[in-house]
Structure formats: C-alpha cells, structure tokens
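Colleague: Output the structure for:
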Amino acid sequence: MTLKLGFIGTGGIAHHHVKNLVQMEGVALSAFYDVDIQRAQQAASEHNGAKAFSNLNEMLDGSDLDGVYVCVPPMAHGDAEYQLVERGIPFLVEKPLGINREVPLSIGEKIKSNNLITSVGYHWRYNESASLAKQLLANSKPGMALGYWMGGMPMVPWWRVQAGSGGQFVEQTTHIVDLLRYLCGEVQEVYAAYSLQVMGEQVEGTDVPDVGTVTLKLKNGMVATISNTCLLPIGHHTGLDIYTSNGVLELRSDALRELTTAGTTVHPNVANPYYIEDEAFLHALRTGDTSQILSNYEDSLKTHEITIAANESAASGKAILLS
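Modeller: Numbering: from 1, shown residues only. Here you go, the predicted model:
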C-alpha cells in the first residue's frame, strides 16, 4: 500500500520530515501547499508527480491524501486543522498547537468527536533516553526536576513577536515541558516570571521576553523549574535533569547521563527521533494502530495548556491552577 501524503507548510521543519519520508518504502509525497507558492513549487519539483498548491481547499479536495503534515508557524494554526478534521484526513502537526488556548481546544474537541488519527511533533519522546528514563524512574522516587532551554534567538521574523510565536516558552521550551509531563506526571500549578533584557535592543521589532523561569507543582508532589533564554550568543544547556532517590538523570538531545553512587553512565541516543516519529505515524495510517504514536493531539493539549498558563502567570504575577 502506497501512502499519499501532503504537506501544509514547506519550511525548515517540513524538510526534516521530508528527508525521512523519502527513505521509506510505500510513500508518495503528492501535494505541497504554502502561502508562498514558489516555495510550494520548489518542494513539489523535488518529487515525481507531486503538485504545488496555493489554495488549501484545492489540495485537500483534489489530491486523495491518506495523511497530511501540518508544518506552519504558531500563529497560523487553526484553518488547516479544521479543514483536515472536516474531511477526515489524519494529520501530524508540529508543535506548538497555537498561540492561545481557545483554538487548540476547539480543534481537539472536533478531533475527538471524529475519532481521527493525529500525531504531534514532540520528538524528544522518541529518543532512546526517554524510554530508558521511564524504566529507571519506575525503580526510584523522583523529587524534583530542573529544565533548560538556554541559547540564542532563531532569526525568523515571526519568532521574535509574541503574536507570532507565543514566546519562547510556548514555541521552543514546550519540548522540555512535554518531556517533564511524559516522564514525571501531570502539572497542577504554574508560576512564571519573564523579562525582556537584551534582544529588544539588539533585534528590531522584538517583543517576546528573552529570559524566563517557570515553577511547576506536579500532582504527585514533585516540584520543577524550567528556565529559558534566547539572549545568548552561544548555545548552552537544553534538556531536563530529574533528581531521584537513586541519583540524577540528565536528559539531553544526544544522551541520557545517569549519575549514581556507582558513578556516571552515559546512554547515547543513536536513532533519529524524527524518523521514529514519522514511522509511528505511517504505521497508524496503514493499520489503524496508534500505539506507536507517543503524542497525539488530545495528550498534547495538556502540554500546551501548561505553556499558555505560564504566559498568563508572567503577565498577571499570579500562580495559575490547572484543572
């Protein structure tokens, strides 16, 4: 069975998925939509028989697609997902789900009522380190966690504008929030403090905070702090450290470092998590078995809610209780 796939959005994250999909058997990249038709045409030209579209309705009605990748900037979520759900087309959507609470919640309700296959691009879950950390945590008592996304500012115009990206915690650090949920459990309270210290002077038009710290209380009694900055001229820490009765688990994109009384053991990540994520989505399209998808839309709404609550807390100066 050859799966016919389409792309909504043809930017950088779409390229990550395309590079994986062209290596897989039984996949035809058939349709590419972008608000910039030249980008869609460029993407389509690289695949035999693929067509480029500047009208989303035309693509979805005329391409007979088995699944679609939604790779649009945060502020552009909504219309694409509504149209896919209306037509019953399964989709993988890149994080974040949006820049507010209302639109993703509405989409989530429609997905649930239509029982549609979905996947969300929280690729950190697909690292070997995440599954190993789950096993190790089953045999220890975690008490707290510290998360980080400390680096520079991506130089795409929409990212530096709050109304475009939702800010760093929503657009980028959401990966660390999601990893915390995946490994340690649900969050019940959020308190955040943000500031714009440097980038407002260095990059014209910047209004997103460039430093922030978020304190989280989990339902199981754990506490966590996740901090981020985009003012650095260098890359620094990105990851999650979990402090347990057995020692420390340090999760980074390249490895899990396990610190115990016996010393430090490094467990490298070998596989490409994006590839595994794509395989899981295609498996679900072919078989209806969604068990390999580690993050669907319904689950991802919980991560998104935390990041939106952090923004609200930073604006109000008050802690936000989650349902």
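Colleague: Looking at stretch 152-159 now, give me its mean pLDDT.
Modeller: Averaging pLDDT along stretch 152-159 yields 96.
Colleague: Determine how far that stretch lies from the middle of the whole chain.
Modeller: 17 Å (CA atoms, centre = their mean, to the nearest Å).
Colleague: What are the buried residues along that stretch?
Modeller: Buried residues in stretch 152-159, counted by 16 or more other CB atoms under 10 Å: 153, 159. Every C-beta, even on glycine, is put in place using the N, C-alpha and C of the backbone.
Colleague: what's the first-to-last distance across it?
Modeller: End-to-end distance for stretch 152-159, by CA to CA, to the nearest Å: 12 Å.
Colleague: Could you check how far the nearest residue to residue 76 once chain neighbours are set aside is from residue 306?
Modeller: Closest residue to residue 76 apart from its sequence neighbours, by CB to CB, 6 or more residues apart in numbering: residue 9 at 7.7 Å. Counting by CB to CB, to the nearest Å, the separation of residue 9 from residue 306 is 25 Å.
Colleague: and if you look at residue 77?
Modeller: Note on residue 77: its distance to residue 306, by CB to CB, is 17 Å.
Colleague: again, but for residue 203
Modeller: Plainly put, residue 203 is 27 Å away from residue 306 if you go by CB to CB.
Colleague: Those two: which has the busier surroundings?
Modeller: Set residue 203 next to residue 306 and count neighbours by other CB atoms under 10 Å: residue 306 wins out with 23 against 16.
Colleague: give the contact list for the more buried one.
Modeller: Counting by CB atoms under 8 Å, 6 or more residues apart in numbering, residue 306 touches 177, 181, 187, 190, 216, 322.
Colleague: Of those, which belong to helices?
Modeller: Using DSSP state H, the subset of these located in helices is 177, 181.
Colleague: would you turn the contacts of residue 306 into TSV with pLDDT?
Modeller: Below are those laid out as TSV (pLDDT from 0 to 100):
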residue	pLDDT
177	99
181	98
187	98
190	98
216	98
322	97
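Colleague: tell me which of the contacts of residue 306 is nearest to residue 286?
Modeller: residue 181 (28.3 Å; CB to CB).
Colleague: wait, that closest one sits on residue 302?
Modeller: Yes: counting by CB atoms under 8 Å, residue 181 touches residue 302, with 6.5 Å between them.
Colleague: Show me which of those two is the more surrounded one.
Modeller: Comparing residue 181 with residue 302 by other CB under 10 Å, the one with more neighbours is residue 181, at 21 against 14.
Colleague: any idea how far residue 281 is from the residue lying closest to that one once chain neighbours are set aside?
Modeller: Nearest residue to residue 181, sequence neighbours excluded (CB to CB, 6+ apart): residue 303, at 5.8 Å. Distance of residue 303 to residue 281, given as CB to CB: 18 Å.
Colleague: Over to residue 41?
Modeller: From residue 41 to residue 281 the distance is 25 Å (CB to CB).
Colleague: Then residue 13?
Modeller: Separation of residue 13 from residue 281 (CB to CB): 14 Å.
Colleague: And for residue 131?
Modeller: In terms of CB to CB, residue 131 sits 18 Å off from residue 281.
Colleague: can you check residue 232 too?
Modeller: In terms of CB to CB, residue 232 sits 34 Å off from residue 281.
Colleague: who's more crowded, the two?
Modeller: It is residue 281, of residue 232 and residue 281, that has more neighbours when counted by other CB under 10 Å, with 26 against 13.
Colleague: pLDDT score assigned to that one?
Modeller: At residue 281, the model reports a pLDDT of 98.
Colleague: ok but it is inside a strand, no?
Modeller: No: the assignment for residue 281, made by DSSP: H, G, I helix; E, B strand; the rest coil, is helix rather than a strand.
Colleague: close enough to count as contact, it and residue 92?
Modeller: Yes: assessed by CB under 8 Å, residue 281 is found in contact with residue 92 at 4.9 Å.
Colleague: Overlap in contacts, these two.
Modeller: Contact criterion CB under 8 Å, 6+ apart; residues shared by residue 281 and residue 92: 67, 119.
Colleague: what's near enough to touch residue 219?
Modeller: By CB under 8 Å, 6+ apart, residue 219 lies in contact with 185-188.
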